Structure formats: C-alpha cells, structure tokens
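In: Here is my input; please provide its structure:
(one chain, ligands or ions: 2)
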Amino acid sequence: MALPKIKNVRAFTATGGGADYHDQTDAHWIDDHIATPMSRYPEYRESRRSFGINVLGTLVVEIEADDGTIGFAVTTGGEPACYIVEKHLARFLEGRNPADYERIWDQMYFSTQYYGRKGLVVNAISGIDLALWDLIGKLRGEPVHQLLGGPVRDELQFYATGARPDVAKELGFIGGKMPLHHGPTEGLAGLHKNVAMLTDMRAKVGDDFWLMYDCWMALDVDYATRLAIACHEHGLKWIEEAISPDDYWGYAELKRNVPKGMLVTTGEHEATRWGFRMLLEMDCCDIIQPDVGWCGGITELLKISALADAKGKMVVPHGSSVYSYHFVITRHNSPFAEFLMMHPGPTEVVPMFAPQLLGEPVPVNGRIKASQLDKPGFGVELNRDIPLNRPYAH
Ligand SMILES: C[C@H](O)[C@H](O)CC(=O)C(=O)O
Ligand SMILES: [Mg+2]
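Out: Ligands and ions are numbered 1, 2, ... in the order given. From the prediction side, this is the model:
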C-alpha cells in the first residue's frame, strides 16, 4: 500500500525534562561529582553542568505526511541540531515516500559526511530517523517493533542506572549501574573511595545482584585496569565507558587486562556501522551500548546490531526509553535493557522523557510487557502543553 508522501519536516527545542545532557537541579544524583574527562580541572569537577554538559538540550523532530499524520521523536541536539535538520536534512524527506528510509538515511549521512560522521550531526540524523519510523508505524497502524520483525520474547527486563542500586533491587530491577565519582587526578585516595562505594553497595544488595560502574570516559587504561582489579572481589559485573571513545586501542588493551569474568562495555558515544565495526573488529568490549538517538537511529542500529550478532556480542542500548524498547524486544542479542533513573534520589521510577512524552511506559518490578508496546509507531505522544520553540524554518 502506497503511503502518503512527506509534506513537512520541523525541528524544535524544548526545555525541562531530559537526562544528564539537560538542565538538572543541584540535588540530582546525575550531576553530583561524577568523574568525567574534565575532572582533571578542579574547577569542573563538582558538576558536569559547570563545563556545559547541558548546553545543547532537547531536539524534537516532527515529520508530517500529506494526510496530516505526524511522526515525531525526541533526542539531544538543541538549537544547532534544529539548524541542521531544517536547513540541510529536510530536503531529503519532503515529497518522498516515508517508507524509503534507506535512501533517506543514505542521503542524510553522505550529504553531511564532510562535516558530520559522529556527534551532533548524527544526533540530528537519528532524530529524523526515529521520527520517520514513528510516522511509518502511525501510517501503517503498527508498532515499530512489529515493523522490525516482532517481539522475540514476552517482556523486557531492566537494570537501573543511578546512585541507589539498593533501591533498584527493591524495585525489581536485575542490577544497578552506578556513576563513578573519582577520576585519576584524585589519586589513590579517590581510587579507594571508588572501591569503598562499591563495597558498601555490595553489602547492601547481597551477592547475587548485578553491580556495574559507569566511568563516562573519565579514566586511562592504567587507572581503569587498577579499578577493575580492585573491584573484582566485590563482584563488579562490568566496567563501562572507562576511557575515551576514540581510544579503540586502549579499549582492546583494557579488555585484555580486566579480570576473567568481568565485562568491558562501551559505545554510547559511538556512531554508525563504521564506528561500531571498529569496536567489534578490534575486540574492544563484550557489550556494545549504542544510543539509538545518537548512533544514527533505528535504520543504523539494525546494521550495528547485525554486525554485533555475527560477532557473538550483545547490544544493550544506552537509555533512550521507547526508542530502545521497540528494538530490544525484537533481538535475541539484546537480552535486557537499561532504565535510566531520572528521579533525583533516585528512589522512584519516573518516566525518562517526562514531561515531553505522554504515554511512556515505565518498568514495574523491573519489567515491561511486550503488549505494553502494542501501539502505532513508538506508542507515545508529544506533550503539546510544553512550550516548543522553532528557531529555524525552511
Ligand atoms: C551515569 C552516567 O554518568 C551517565 O549520566 C548515563 C550513562 O552513561 C548511562 O546511562 O549509561
Ligand atoms: Mg554509560
């Protein structure tokens, strides 16, 4: 059945909500002395907002078809991404069949290759791609997971990311991933504090609950190796994003160095099949963690995931709520998912994209049933009560 053509692409910024790359309050766990590559400068150590983690903020993309149906998506990229969407990328969609997502993706990527390839530009491409899949689902009356081949299991199981894995355990999650607080410039004392935090949490959750450390690119291979060895006896399941995403050689070395049984994970700041091919072929990690809103969208995640599957590696996407859930439920090599705890405590489960999304499912007892995703597109609506700003038009 021919679908109505794409009439218009629009890009907006929105304030409020979001995660670590957005404005959060001082009391939020997600901005509390988390180790980062900028921690080497004492003046940028206490808060990630101090070095500008929140400067971009939200990008909302809407794609309207000739019959008035609107697909939309939310990711990060803010005003600069709006410019790229409106002034450059919209031309590859308007007047086209929304189901031609392969050609649209290819044209968006190769027309921006000279200034893009990763980061902001691929965020913008991802936002469009997700909005396109939402539109196709809405036009066909099918959930995105059905367009991807349908669920391979009845429910999603989640681990929780946040500062309170003990609470996550009570809430039914299968594990808890904590932010690392101290980087190499805080010396041996900082290393001991990192290990002590894990020891303390292990005492609270018992032996059988997964505990992981998210290092947000803050370490070097030597420090990460020492941390991994020191944390092994306290049952650290994986060490995440320990070093710079550009240091494929360092990741390969770290993977050789960590104690047997401990996993090395990374990829939330990697993009496209070519970036992930580097991680996979250089044997950098055990689990890749693409963010579907940053890696190129669903169209690209399909390719990344197939590469990983052929290598026997798991794909456990970074956060991103419904945009990940519709994918994870369709893939055997994505056996569980991440839930980013956006409650400041974090002592409660709250929707990750509130207040932007309406109808966003959240884990209950650490699970979401496949049937909860059975709505057209990604199954959520844009909250029209929040102010949307369209800085550029074309
Ligand atoms: C906790 C991490 O520093 C970051 O805010 C989130 C992240 O990397 C993840 O969920 O993974
Ligand atoms: Mg992470």
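In: quick one: contacts for the residue in the chain that ligand 2 sits nearest to?
Out: Closest to ligand 2 within the chain is residue 214: 4.3 Å, counting by C-beta to the ion. To be clear about C-beta, it is placed using only N, CA and C from the backbone, and glycine gets the same treatment. The contact partners of residue 214, by C-beta atoms under 8 Å, 6 or more residues apart in numbering, come to 161, 177-180, 240-241.
In: tell me the SS of residue 339?
Out: strand (DSSP: H, G, I helix; E, B strand; the rest coil).
In: What residues does this protein have near ligand 1?
Out: For the chain, the contact set with ligand 1 under C-beta under 6 Å from any ligand atom comprises 20, 30, 34, 161, 179, 214, 216, 268, 318-319, 338, 340.
In: Filter those down to just the ones in strands.
Out: Residues of the residues of the chain next to ligand 1 located in strands (DSSP state E): 161, 179, 214, 338, 340.
In: which of the residues of the chain next to ligand 1 lies closest to residue 79?
Out: Here the nearest of those to residue 79, counting by C-beta to C-beta, is residue 20; it sits at 18.7 Å.
In: My read is that that closest one contacts residue 49, right?
Out: No - in this structure residue 20 lies outside contact range of residue 49 using C-beta atoms under 8 Å: 9.5 Å.
In: related to what we said a few turns ago, how about the residue of the chain closest to ligand 2, nearest residue that isn't a chain neighbour?
Out: residue 240 (4.5 Å; C-beta to C-beta, 6 or more residues apart in numbering).
In: And for residue 1?
Out: That would be residue 140: by C-beta to C-beta, 6+ apart, it lies 8.0 Å from residue 1.
In: same question, residue 230
Out: residue 195 (4.8 Å).
In: Could you pull up the mean pLDDT of the host helix or strand of the one you found?
Out: Per DSSP states H and E: residue 195 is located in helix 187-205. The pLDDT scores in helix 187-205 average 98.
In: just checking, what packs against that helix?
Out: helix 165-170, strand 175-179, strand 210-214, helix 221-232 (3 or more C-beta pairs under 8 Å, 6 or more residues apart in numbering; DSSP states H and E).
In: how about the ones you listed, which one is nearest residue 103?
Out: strand 210-214 (36.7 Å).
In: okay, the angle between the closest one and helix 221-232?
Out: Inter-element angle recorded for strand 210-214 and helix 221-232: 160 degrees (by axes from the mean of the first three to the mean of the last three C-alpha atoms, to 10 degrees).
In: Tell me the buried residues in strand 210-214?
Out: 210-214 (16 or more other C-beta atoms under 10 Å).
In: angle of it against helix 187-205?
Out: 150 degrees.
In: got the CA coordinates for strand 210-214 in CSV?
Out: Listed next in CSV are the C-alpha coordinates belonging to strand 210-214 (Å, rounded to 0.1, in the frame of the first residue of the first chain):
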residue,chain,number,x,y,z
TRP,A,210,24.5,-7.1,39.4
LEU,A,211,26.6,-4.0,40.1
MET,A,212,28.3,-2.0,37.4
TYR,A,213,30.4,1.2,37.2
ASP,A,214,29.8,3.8,34.5
